[in-house]
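Engineer: I would like to see how this sequence folds:
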Amino acid sequence: MSDKQKFKIKPFRTFVQMDASGADQIWNSLGDAIDEIHHRNASSLSFEELYRNAYNLVLHKHGDLLYSGVSDRLATHLLETVQRLADIPDSSLLEEMAHAWSEHRITMVMVRDILMYMDRTYVPQNRRRPVYELGLHLFRTTVWEHPRVQPRVTQLLLDAVASERAGLLTDDRTLLKQNISMLLELGAADASNVYERDFETLFLGTTQEFYHRESLDFLSKNTAIDYVAKAQGRLDEEKVRAAALGLAQTTEGPLQNIVETELIERHAENLVKMENSGFAALLKDETKVEQLRDMYDLLVRVPSSVDFLRDALSERVKTDGSALIADQERGQADPPAFVRGVLKMRDRYGNVVSTAFRGEKRAAKRLRESFEDFLNADARAASCLAIYVDELLRTGLKGATEAEVTAELHKVILVFRYLSDKDVFESYYKQHLAKRLLNNKSVSDEAERAMVSQLKAECGYQFTSKLEGMFNDMRISRDTRDAYNTHKKAQQARQAGGSGGKSVDIQVDVLTTGYWPSQNVPPCTLPSPVNEAIERFSEFYLEKHTGRKLSWQTSTGSAELRATFGTGPNKYRRHDLCVSTYQMCILMLFNEKASLTLGEIRTATAIPDQELRRHLISLCTPKHRILRKGSKGKAITSDSDTFTFNADFTSKMRRVRVPLVSMKETATKGPAGASGAAGAAGADGAAAGDVSGGAVPANVEEDRRHLVEAAIVRIMKARKMLHHNDLIAEVTKQLSVRFVPSPQFIKKRLESLIEREYLEREENDRRMYTYVA
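Structural biologist: Numbering: from 1, shown residues only. Purely as a prediction, here's the structure:
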């Protein structure tokens, strides 16, 4: 091993505190370096050495010297910058400002890198601004807030935006974006509101003033359609401009609100009511759906403004609906035409809601409420709809495919949903259905059952139970007729060897009283051969169904008579007359006597007066003049009016159907008192009278009384005790499927139940009801 030592232990190097002169010397070199950086001569600098010098100053407790020196040096350079900017003309100020800001940011990034150690230790310990933020703070206080800089730059920015809005070419948007970005960064650096204070407030104010003035001027000189296009374009422009200029997100919301307020909210009502081009005027034209949609797309930006559009739609529907009702009242449109008009309105305005309103639910609700408003003014709509369905199921759907039938019936249900008096529709529908079934006038059984199925799906089983019972009666009646024909043929075979003329053939429909519309018309006096046929059928039927009772409805039904006309053997003409039961009874009297008076016919037949006049006039019409009326004019004036068999009647057809005239044509001027006979007119008469007046039929009114009372008792039996308002609400809810009773109507039924001791009032609270078991 060599004697030379390989390791030597030395004492720790003693720490030498940097004195003030040494610190000043180091700071001077750093200050010179900052100057060089500011003048863009940083290529000759050693950033490692500068970093170490700054590190040593902070380490030796000279951080205050370094921080204050940097602040002073930066302020000095910024003073030079602001003096230069203050003298620059407006034409170059934005560009120079953007350049000065860019240069200052580059300088601060370099200075921050040199002083990184100070930012990490000295700044947080002494609660000072970081170097970069210090530089931005000094830029704001020294450069931006200079009285010759800030007001001019702000005004130039606002002028540039105003020029863009006026359609003039402006400088590159990059300059505007750089200046606005400067304000945003300056405000973020020291939590000042420089952007909001010096730009945003003024920008939003000038924006509001500009669009307030422009919107008034443009709307006064152009149509609403043109204004919508202009406003939409402006809104899009502002959105693009906000993105291009880099406006703060906190500005975009207020900016949009201001533009929408000035362009949309302030003029929404005018856009709707404007003559010839407003939303309300466009609704009158079926071809303007796209313009309506554009207006909706604009106003939907301000949700409260859409209320004006919905109100206009509602008023238009109600106006058109009132016009339909007026036409129907004046007799210019029959009930089917009224319903077709409603369906046309539904298609048209339904398209407006789905297309122009983009299928908005609130608009669809207002549309439904508007239809309900004019359709439920009285019971007219329910009766008209029933007649329209009757026309469809008689002839309107002839030759239609299953899909077409379903589509037409669905349209009916759309109108049906609007009706609050669904029980009135049921009453009329049942009358017409009875006539179609009894007279075999339905276009098809499938269509009839499809309609009942639609009603069942809409209102439930109880609503259609009687209608389904009517179909069941017809099916059973067909089986009964077949059985009776077999029975009659067997009897005729047994009696083949006997003498006697041929008996009258009758075809009977046996109907359940509760299912079918009640006529309450006393039976008339039938001819003897018909009575004999009735007795034979009754004997056959009651043998099979003991305990039942047959009540013959002579006010309905039809008959075929073989009549001989002419005055000589070679001039006789035979026709088969298809007539009603009443007409058959009248004509059979003329086999015994050639001429009869009204009084004699009434006595012999016992037909109600109003129906007798109607059937007699039907036999005296010019086209089917089977009888001759002694008096002149259409009306029958007195009981002494005579009727004579017309042997000269001719027709090209061998089989002649004699139609009944309407009830209106039977009006009399004499004292016969026919006004009270409408209730016995059967389905046709009731429908005709109620359609014109729109009143609820008496039988429906009676049913409503029973339904309301039953609902009250049912509810009170379950609840035992209930307040008046709660009871009204519960009854209305339960009965709304059939009709909507008024509170006054329910109150009357409550009083009736209290009188009959089903309910009683509480002594302490007269609006509280108790069920009496």
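Engineer: helices along the stretch 201-350 of the chain, start to end?
Structural biologist: 201-221, 224-245, 249-263, 268-273, 279-282, 289-299, 306-330, 335-351 (DSSP state H, counting those that start in this stretch).
Engineer: run through who's touching the last one.
Structural biologist: This means helix 335-351. 286, 289, 313, 316-317, 320-321, 324-325, 327-328, 333, 367, 371, 375, 381, 383-385, 387-388, 391, 411, 414-415, 691 (C-beta atoms under 8 Å, 6 or more residues apart in numbering). Every residue, glycine included, has its C-beta placed from N, CA and C.
Engineer: between it and helix 289-299, how many degrees?
Structural biologist: Relative orientation of helix 335-351 and helix 289-299, computed by axes from the mean of the first three to the mean of the last three C-alpha atoms, to 10 degrees: 50 degrees.
Engineer: show me what the closest residue in space to residue 584 that isn't next to it in sequence is bridged to.
Structural biologist: Spatial nearest neighbour of residue 584, excluding adjacent residues (C-beta to C-beta, 6 or more residues apart in numbering): residue 559 at 3.9 Å. Legend: beta-bridge partners of residue 559 under DSSP bridges are residue 579.
Engineer: what about this structure, any weak spots by pLDDT?
Structural biologist: Across the chain, the ranges flagged by pLDDT under 70 are 1-6, 11-17, 169-171, 496-502, 568-570, 663-694, 773.
Engineer: center of it - which residue?
Structural biologist: Centroid check for the chain by C-alpha atoms, centre = their mean gives residue 364 as the closest residue, at 1.5 Å.
Engineer: list the contacts of the closest residue to residue 624 other than its chain neighbours.
Structural biologist: Nearest residue to residue 624 in three dimensions, chain neighbours excluded: residue 658, at 4.8 Å (C-beta to C-beta, 6+ apart). Shown in contact with residue 658 (C-beta under 8 Å, 6+ apart): 577, 578, 579, 583, 618, 619, 624, 626.
Engineer: now do 7 Å
Structural biologist: Contact analysis of residue 658 by C-beta atoms under 7 Å, 6 or more residues apart in numbering lists 577, 578, 579, 583, 618, 619, 624.
Engineer: so who does residue 625 touch?
Structural biologist: Residue 625 touches 646, 649, counting by C-beta under 7 Å, 6+ apart.
Engineer: can you rerun that using 10 Å?
Structural biologist: By C-beta atoms under 10 Å, 6 or more residues apart in numbering, the contact set of residue 625 is 619, 646, 648, 649, 650.
Engineer: for residue 158, same thing?
Structural biologist: Taking C-beta under 10 Å, 6+ apart as the test, what residue 158 contacts is 199, 202, 203, 205, 206, 207.
Engineer: secondary structure class for it?
Structural biologist: Three-state call for residue 158 (DSSP: H, G, I helix; E, B strand; the rest coil): helix.
Engineer: max-length helix in this protein?
Structural biologist: Using DSSP state H, we find that the single longest helix of the chain is helix 461-494.
Engineer: quick one: buried residues of that one?
Structural biologist: 463-464, 466-467, 470-471, 473-474, 477, 480-481, 484, 488 (16 or more other C-beta atoms under 10 Å).
Engineer: can you put the contacts of residue 158 in a markdown table and add distance to residue 261 and neighbour count?
Structural biologist: Output for the contacts of residue 158, formatted as a markdown table (distance: C-beta to C-beta, whole Å; neighbours: other C-beta atoms under 10 Å):
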| residue | distance to residue 261 | neighbour count |
| --- | --- | --- |
| 199 | 21 | 23 |
| 202 | 18 | 14 |
| 203 | 16 | 23 |
| 205 | 13 | 12 |
| 206 | 15 | 15 |
| 207 | 11 | 20 |
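Engineer: out of the contacts of helix 335-351, which are buried?
Structural biologist: 289, 313, 316-317, 320-321, 324-325, 328, 333, 367, 371, 375, 381, 383-385, 387-388, 391, 411, 414-415, 691.
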